[in-house]
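**Q** Everything below, folded, please.
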Amino acid sequence: MPKFNDLTGKIFGELTVIDKADYYIDGKGRKYVVWNCLCSCGAHIKIQSRKLIKGHITHCGCKNINLVGQKINAWTVLKKDTNGFWICQCQCGTTRKISTNNLLEGRSKSCGCSSWFNLIGKKIGRLEIIEYAYTKNNHTYVKCKCDCGNEKIIKTSDLNKKHNPTQSCGCISKERCEKVKLEGTANLSGEIFGKWTVLKYNGNGKWLCQCECGNESLIASGTLTCGQSTSCGKCYENMIDSNFFDNITTEEKAYILGLLYADGYNNESKRLIRLDLQEDDLDILLKIKDIMQFQGEIKFYQNKDKIFKISGSDKEYKCKPTARLLIHNTRISEQLALKGCTNNKTYNIKFPDDNILPIYLHRHFIRGLIDGDGSITYWIDNKKTGHKKFTLTLTGTTEIVNSVNDIITSKFDCKPDLRNRYKERNNNNLTLAICGNRVIENILDWIYYDSNIYLDRKYEKYLVLKEQNKITSYNQTNTYCMKKIIQADLDNNLIK
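**A** Residues are numbered from 1 along each chain as shown. Below is the predicted model:
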C-alpha cells in the first residue's frame, strides 16, 4: 500500500494547502484524496491531490478572470464576455471578442493593424506612408505619397514584401518604359529587376537573366522593365519548409493533414497545393502559414455571384468571401500524394494507416477532418430553460467515415448514425451523425484536449456545450476517463 502523502502547509502556485477534506468518490466507486486550499486572492477551494502535485491547478481561477484593464500585446481588455471570451480594444481602436487562451498564449496579438500601425511616417523607396486608408477583405490599405507628388492607396502586404516591394506610385516603371522607347534597346546588363539580375544581351530583344535561386532564363526587355517578370517562379519552392510532411510526428502536422484531406486540393502535375476556407476562418490559415514557415501571401476572393442551396429547402444562400492558401512545392505535393491526399481524392480517399499516422495522433487528424468536412450544431429544445441539443457530424468517403466511426466507437459508448446523403448519385459518400450531449462532450474533450490548433468558431460551440454540461462530479470523472483513453493511444503506439 503506498505511503500517504501529507500536503498540509505546502504551496502550489497561488494555493496553500490547509487540511484534508472528505474523499471524492467517482461514479465507479473509486476514491480520491481531496484537500482544502486557500488561494492568494482569499478564496477557498477543494482540489484533488493528483491535480495539485502534477500542477494541473495552481489557483482558484482568479488568474483567468481578472484580465479587465490589462494590456496584452496590442489588445486592451475592456470587459468580460461569456464562455471564456473578453471584449478587447486594439491599439488602432478596433473592438473585438477574443478568447482567454488566444489572449494569454499570444495567438491573437492585434486585430491585424500591426501590418500598418508601425508603418506610418516611414519611407519605402519613393513612397512615404501618410495614414491608414481602409480595410477590405481582410487586407489593409494605407495612403502613400510618392516623391513625384502623386498620392496612392497601396496594400500594406505589397509594401512589406521581402522581395520586390512596391516602391513608387508606378513612376519608376513608367520611367523605365519611356527610356526604352527613347533609346531603343537600352543596356540593362547588371541591373536588378525583382529577383532577376541581368547578365547579358542575347539578341532579339531578350536578356539572359539569373534569379536569386541560381536559375537562368531569357526575358524580353519590356517584360523586365515593366515589372511583368520578377523571378523564375521555381524559387518559390524555397518559401516553405519543404520537408514538412515527410513524417507526421506532431499535433500540427496531423491536424493540417486532416484539414487538407477534407478541404485541400493537391495537383501533383502542377506541384500545387491549395486550401480554401471562408474568410471568417482566416486565423487558421495564418496559423498554418506560420507553422509551415510559408512566406507567400494569402489571397482573397469575393464570390459575389455564387449561391448554394441546402438539399430539401428552397432557400438560397450567398457564398461568403474566400481566403486561399496557395503553395507551389514539388516535395510537399509528392509527400501529400504518398500519404493519400491525391488529386482526385473526393471519391477515393482513405484513412491513413498507422505507418503514416501514429495512433496517438488520430484525434488531431480527426479534428482536422471535422473542422473541414464536419459540423457541431445545436438547437434549443426547451425555450423556458434555454437547453440546447447538440449534433456532431462528419461527411466523407465511405472508407474514411467508416474508419472514423470504428475509432470513435472503440473508445466511447455510442452508436453513430451512418447514412448516404445522395444514394442516387452513387458517389461513395457517407455522413456520420452523433447525438447526445454527454457523448458529444466526451468525444470533443478527446479531440480538443491539450490542443494548440483548431477552428475557433467550432471550438466556441464546444465551450457552449461544456458550459451547459457543467456538473463538477461529471467533469472530474470525464477528464479522468479521457486521459486514460489518450494514454492508451500512446501505449498502443509504443507497442507497435
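
**Q** Please enumerate the helices of the chain.
**A** Ranges of helices within the chain are 49-53, 62-65, 100-104, 156-159, 171-183, 221-225, 251-263, 282-291, 330-338, 362-373, 398-411, 437-448, 456-468, 472-495, based on DSSP state H.

**Q** so can I have JSON lines of those showing distance to Ile349 and mean neighbour count?
**A** Yep, even glycine has a C-beta here, placed from its N, CA and C like the rest. What follows is those, written out as JSON lines (distance: least, C-beta to C-beta, whole Å; neighbours: other C-beta atoms under 10 Å):
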{"stretch": "helix 49-53", "distance to Ile349": "41", "mean neighbour count": "16"}
{"stretch": "helix 62-65", "distance to Ile349": "40", "mean neighbour count": "13"}
{"stretch": "helix 100-104", "distance to Ile349": "31", "mean neighbour count": "16"}
{"stretch": "helix 156-159", "distance to Ile349": "33", "mean neighbour count": "18"}
{"stretch": "helix 171-183", "distance to Ile349": "46", "mean neighbour count": "14"}
{"stretch": "helix 221-225", "distance to Ile349": "41", "mean neighbour count": "19"}
{"stretch": "helix 251-263", "distance to Ile349": "6", "mean neighbour count": "24"}
{"stretch": "helix 282-291", "distance to Ile349": "20", "mean neighbour count": "17"}
{"stretch": "helix 330-338", "distance to Ile349": "11", "mean neighbour count": "18"}
{"stretch": "helix 362-373", "distance to Ile349": "10", "mean neighbour count": "24"}
{"stretch": "helix 398-411", "distance to Ile349": "6", "mean neighbour count": "17"}
{"stretch": "helix 437-448", "distance to Ile349": "19", "mean neighbour count": "20"}
{"stretch": "helix 456-468", "distance to Ile349": "21", "mean neighbour count": "17"}
{"stretch": "helix 472-495", "distance to Ile349": "22", "mean neighbour count": "14"}
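
**Q** now the ones you listed in CSV, with mean pLDDT and distance to Val198?
**A** As requested, the helices of the chain are exported to CSV (pLDDT from 0 to 100; distance: least, C-beta to C-beta, whole Å):
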stretch, mean pLDDT, distance to Val198
helix 49-53, 85, 67
helix 62-65, 59, 59
helix 100-104, 74, 47
helix 156-159, 82, 24
helix 171-183, 69, 12
helix 221-225, 80, 7
helix 251-263, 94, 39
helix 282-291, 90, 32
helix 330-338, 91, 27
helix 362-373, 95, 45
helix 398-411, 93, 52
helix 437-448, 92, 54
helix 456-468, 90, 48
helix 472-495, 60, 55
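
**Q** Switch these over to a markdown table; also include distance to Cys148.
**A** A markdown table is the format used below for the helices of the chain (distance: least, C-beta to C-beta, whole Å):
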| stretch | distance to Cys148 |
| --- | --- |
| helix 49-53 | 67 |
| helix 62-65 | 54 |
| helix 100-104 | 43 |
| helix 156-159 | 17 |
| helix 171-183 | 5 |
| helix 221-225 | 18 |
| helix 251-263 | 45 |
| helix 282-291 | 35 |
| helix 330-338 | 42 |
| helix 362-373 | 48 |
| helix 398-411 | 58 |
| helix 437-448 | 55 |
| helix 456-468 | 44 |
| helix 472-495 | 63 |
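
**Q** how about these, which one is nearest Asp147?
**A** Evaluated over those, closeness to Asp147 peaks at helix 171-183, with 8.0 Å, by C-beta to C-beta.

**Q** what's around Asp19, how many residues?
**A** 11 (other C-beta atoms under 10 Å).

**Q** Same check on the one 4 residues further on?
**A** By other C-beta under 10 Å, 11 other residues sit near Tyr23.

**Q** Now it: closest residue in space, sequence neighbours ignored.
**A** Setting aside the residues directly before and after it, Tyr23 is nearest to Lys31 in space (C-beta to C-beta, 6 or more residues apart in numbering), at 4.6 Å.

**Q** what's across from that neighbour in the sheet?
**A** Assessed by DSSP bridges, Lys31 has beta-bridge partners Ile25.

**Q** Who are the contact partners of it?
**A** Lys31 makes contact with Tyr23, Tyr24, Ile25 under the criterion C-beta atoms under 8 Å, 6 or more residues apart in numbering.

**Q** so which of the helices of the chain gets nearest Lys195?
**A** In terms of C-beta to C-beta, the element of the helices of the chain nearest to Lys195 is helix 221-225, at 11.6 Å.

**Q** May I have that closest one as CSV, with CA atoms only?
**A** Only the C-alpha atoms of helix 221-225 are listed here, as CSV (Å, rounded to 0.1, in the frame of the first residue of the first chain):
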residue,chain,number,x,y,z
SER,A,221,13.2,43.8,-72.4
GLY,A,222,9.6,45.1,-71.9
THR,A,223,8.7,42.2,-69.6
LEU,A,224,11.6,43.2,-67.3
THR,A,225,11.3,46.9,-67.4
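
**Q** Which neighbouring elements make contact with that helix?
**A** Packing contacts for helix 221-225, counted by 3 or more C-beta pairs under 8 Å, 6 or more residues apart in numbering; DSSP states H and E, involve helix 171-183, strand 206-210.

**Q** Return the distance of it from the chain's centre.
**A** Centre-to-centre, helix 221-225 and its host chain are 39 Å apart (C-alpha atoms, centre = their mean, to the nearest Å).

**Q** what does stretch 327-340 give?
**A** Distance of stretch 327-340 from the chain centroid (C-alpha atoms, centre = their mean) equals 20 Å.

**Q** for stretch 434-448, same thing?
**A** Stretch 434-448 sits 21 Å away from the centroid of its parent chain (C-alpha atoms, centre = their mean).

**Q** need the contact list for the spatially most central residue of the chain.
**A** When C-alpha atoms, centre = their mean is applied to the chain, the residue found nearest the centroid is Ile284 (2.0 Å). Applying C-beta under 8 Å, 6+ apart, we find Ile284 in contact with Leu259, Leu277, Asp371, Ile453, Tyr454, Leu455, Asp456.

**Q** Hmm, Glu128 and Ile145 touching each other?
**A** Residue 145: Lys, not Ile. Yes: if you go by C-beta atoms under 8 Å, Lys145 and Glu128 touch, sitting 5.0 Å apart.

**Q** where do the contact lists of those two overlap?
**A** Counting by C-beta under 8 Å, 6+ apart, Lys145 and Glu128 have no contacts in common.

**Q** and which of the contacts of Lys31 is nearest Gly69?
**A** For the contacts of Lys31, the nearest to Gly69 is Tyr24 (36.3 Å; C-beta to C-beta).

**Q** how many other residues sit next to the closest one?
**A** Quick note: Tyr24 (other C-beta under 10 Å) scores 17 neighbours.
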